[in-house]
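Colleague: Let me see the structure of the following:
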Amino acid sequence: MNEKKRTVQESGLSRKRLMDIYERLYGRFGPQDWWPGETTLEICLGAILVQNTSWANAARAIDNLKKADLLTERALQNVRMDRLARLIRPARFFNMKAKRIKGFVAYLSKHFEGDVDRFLGLPTGELHEELLGLDGVGRETADSITLYAAGRPVFVVDAYTKRIFSRLGHFEASRNGDKDYLALQERFTAHLPADAALFNEYHALLVRLGHTFCRPTPKCGECPLRAVCPYPEDDARRIDP
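Modeller: Here you go, the predicted model:
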């Protein structure tokens, strides 16, 4: 292990380190204006549709729903499952996601008279637990809805976050995905102020970095974090998850 990488790993994360990363990303990319969506229901649907696909694919599916005038709880309740699946086909895994969307709006109808904003008004802990109890909603999806739709300061951890902070020397994946998620999330919440706007922008900037530069085969030479990342010195040509 080279001296630079050892120093980064041993120093650990701090508020100063996290904010330095944030400021470098913000300086390069600017504000990201996430999460795309005109209504809270649309944001919730986007969190389901983006599972295991790109946001571009999820956005195409949402656009299809919008054109079909189906972006209301009542319309989604009434639409046939096969038609819903066809409309969201661009988001991949469309049959499974159609079932999850149907389950979500059925839950809203049963417990909140179809009012998504009443649901999102639950206390943060209760909201999070209710989301995790829904079919097909894991931690990342639940946290995305809690942050972006409900506006609560919950940091979203995704594959980009794990890859970036692994290369920065601050995260090492184990075989326990749930444990890894919570461990990395805690590193953000322990050192950053509980600010939903900051968490929103930080996550969006990490997605932008992961999509643009910190890919499985990275473009380290152009990366805005190159000066503070030990990864290029190891071997920028290798392929990581």
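
Colleague: What lies in contact with the longest helix along the chain?
Modeller: If you go by DSSP state H, the chain has its longest helix at helix 94-112. Applying C-beta atoms under 8 Å, 6 or more residues apart in numbering, the contact partners of helix 94-112 are 44-45, 48-49, 51, 61, 73, 76-77, 81, 84-86, 88, 91, 114-116, 118-119, 134-137. No exception for glycine: its C-beta is placed from N, CA and C like everyone else's.

Colleague: Mind giving me the ChimeraX command for buried ones among those?
Modeller: Applying 16 or more other C-beta atoms under 10 Å to these, the buried members can be selected in ChimeraX as follows:
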select :44,45,48,49,51,61,73,76,84,85,88,91,114,116,119,134,137
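
Colleague: Report the buried residues of the longest helix of the chain.
Modeller: Buried positions in helix 94-112, judged by neighbour count with 16+ other C-beta under 10 Å: F94, K97, A98, R100, I101, K102, F104, V105, Y107, L108, F112.

Colleague: out of those, which one sits closest to R163?
Modeller: K97 (24.2 Å; C-beta to C-beta).

Colleague: any idea how far Y160 is from Q32?
Modeller: Distance of Q32 to Y160, given as C-beta to C-beta, to the nearest Å: 13 Å.

Colleague: Same check on L41?
Modeller: According to C-beta to C-beta, L41 and Y160 sit 25 Å apart.

Colleague: Looking only at neighbour counts, state which of the two leads.
Modeller: Higher neighbour count among L41 and Y160: L41, with 23 against 18, using other C-beta atoms under 10 Å.

Colleague: gap between the helix or strand in which the more buried one is found and the chain center?
Modeller: Element membership of L41, judged by DSSP states H and E, is helix 40-49. Relative to its chain's centre, helix 40-49 lies at 12 Å (C-alpha atoms, centre = their mean, to the nearest Å).

Colleague: just checking, next helix/strand downstream of it?
Modeller: Using DSSP H and E, the helix or strand that follows helix 40-49 in sequence is helix 55-67.
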